[in-house]
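Enquirer: Please find the sequence and the predicted model below.
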Amino acid sequence: MAVYTDVAADELADFLKQYDLGELLSYKGIAEGVENTNFLLHTSQGGKQASFILTLYEKRVAKNDLPFFLALMTHLAEHGINCPLPVKGRDGEALRELSGRPAAIITFLEGMWPRKPNVTHCAGVGAALAKMHLAGANFAVRRANALSVSGWRPLFDAASHRADEVQPGLRTFLAAELDHLSSGIWPTDLPEGVIHADLFNDNVFFLGDQLSGIIDFTFACNDMLAYDVAICLNAWCFEPDHSFNVTKARAFLNAYGRLRKLSEAEEAALPLLARGAAIRFLLTRLVDWLNVPPGALVKPKDPLEYVRKLRFHQSVRSVRDYGLMPSGLVA
Ligand SMILES: Nc1ncnc2c1ncn2[C@@H]1O[C@H](COP(=O)(O)OP(=O)(O)OP(=O)(O)O)[C@@H](O)[C@H]1O
Ligand SMILES: N[C@@H](CCO)C(=O)O
């Protein structure tokens, strides 16, 4: 996360009076991330210290969607997924307002996100993603994916006139890819469920090589489960020089498939879904790159990383290129 909205100490102390979290010892803004404002809080109660995360929801989050995210975290935690839990105030409410923004406190998760993901991390993520998909199966609340195909064109329109400032030719490249993906080829009949939709390495915590939990459900929604797999292929299976690491992909896909087997149709759609996932993050990054709010504590993420990833997916012919032997074929 980042810090877009400042919170004064007395304002926060007043805010915390609505909770049973004890006395505020300290708080600080978290510079990581790009979407929302986050603070790490330390409180003390009866001589015991505790840590929490306070989130102020910013630009891309619709207020009406917040109950979905908070209920989802509770549901997943109740179904064996280690994720933060929303903290309720004395009035039983987890969602309220602070500094003019919707705000919630969530529990602190131990662990570190991996700066240099290895094959073991990728396998851990595959298993965690499959567990999350299975755990979300009976979650009754629904939220459409605002950042699927129909959400990409408005992002393009907002940024395309300046795209060539970031890389010459980028506008034409994006326009052609968008036309292709919105030409009626996007799958509509693959298995759906609750997806995380942003399971990047900074949203997955590990203790050593052991996955300890997942965070940041502010893009979670109902969509194709295989689309979440495609997002992770983008986020976890490329090297810092943006070359694709098929060993990581194989480890990730095999670990996922051991818990939730991809159907033949899902496997066949994976290259297309990976292209869609790449353009989704390319576009949000491009918009953010060109629109850093003055004074915000945030480091925008590089959109061009996703141009290279997208070019790779454009060259993929089947899941074999992702390290998987297609179902139905004998190895
Ligand atoms: N429940 C938590 N427990 C511990 N640390 C947390 C927790 N939630 C957030 N953090 C810390 O805050 C950072 C940013 O959080 P988060 O990824 O939710 O922000 P964001 O702005 O939504 O980021 P992104 O750019 O990934 O969308 C995390 O990388 C982590 O260091
Ligand atoms: N995980 C995203 C940021 C949040 O949407 C990215 O790396 O672009």
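Expert: Now that the structure is in, tell me what you want to look at. Ligands and ions are numbered 1, 2, ... in the order given.
Enquirer: Now the strand or helix carrying residue 52: buried residues?
Expert: Element membership of residue 52 [criterion: DSSP states H and E] is strand 48-56. Going by neighbour count (16 or more other Cβ atoms under 10 Å), the buried part of strand 48-56 is 52-56. For every residue, glycine as well, the C-beta is placed using N, CA and C.
Enquirer: out of the residues you listed, which one sits closest to residue 204?
Expert: Nearest to residue 204 among the buried residues of strand 48-56: residue 53, at 15.5 Å, using Cβ to Cβ.
Enquirer: Give the burial count for the closest residue to that closest one other than its chain neighbours, as a bare number.
Expert: Excluding the flanking residues, the one nearest residue 53 by Cβ to Cβ, 6 or more residues apart in numbering is residue 106, at 5.1 Å. For residue 106, the neighbour count with other Cβ atoms under 10 Å is 22.
Enquirer: now do the one 3 residues further on
Expert: Counted with other Cβ under 10 Å, the burial measure for residue 109 works out to 16 neighbours.
Enquirer: Please apply the same query to residue 129.
Expert: For residue 129, the neighbour count with other Cβ under 10 Å is 26.
Enquirer: likewise residue 144?
Expert: Neighbour count of residue 144, defined by other Cβ under 10 Å: 12.
Enquirer: still on that earlier bit, in three-state terms, how would the residue nearest to residue 53 be classified?
Expert: Classification of residue 106 using DSSP: H, G, I helix; E, B strand; the rest coil returns strand.
Enquirer: quick one on the thing from earlier: what is the nearest of the buried residues of strand 48-56 to residue 130?
Expert: Nearest to residue 130 among those, counting by Cβ to Cβ, is residue 53 at 25.8 Å.
Enquirer: Tell me who's in contact with that closest one.
Expert: 30, 38-41, 84, 105-108 (Cβ atoms under 8 Å, 6 or more residues apart in numbering).
Enquirer: Which strands or helices does the helix or strand where residue 26 lies pack on?
Expert: Residue 26 belongs to strand 23-29 when assigned by DSSP H and E. Secondary-structure packing of strand 23-29 (3 or more Cβ pairs under 8 Å, 6 or more residues apart in numbering; DSSP states H and E): helix 9-16, strand 37-45.
Enquirer: Name the strands paired with that strand and say parallel or antiparallel.
Expert: strand 37-45 (antiparallel) (DSSP bridges).
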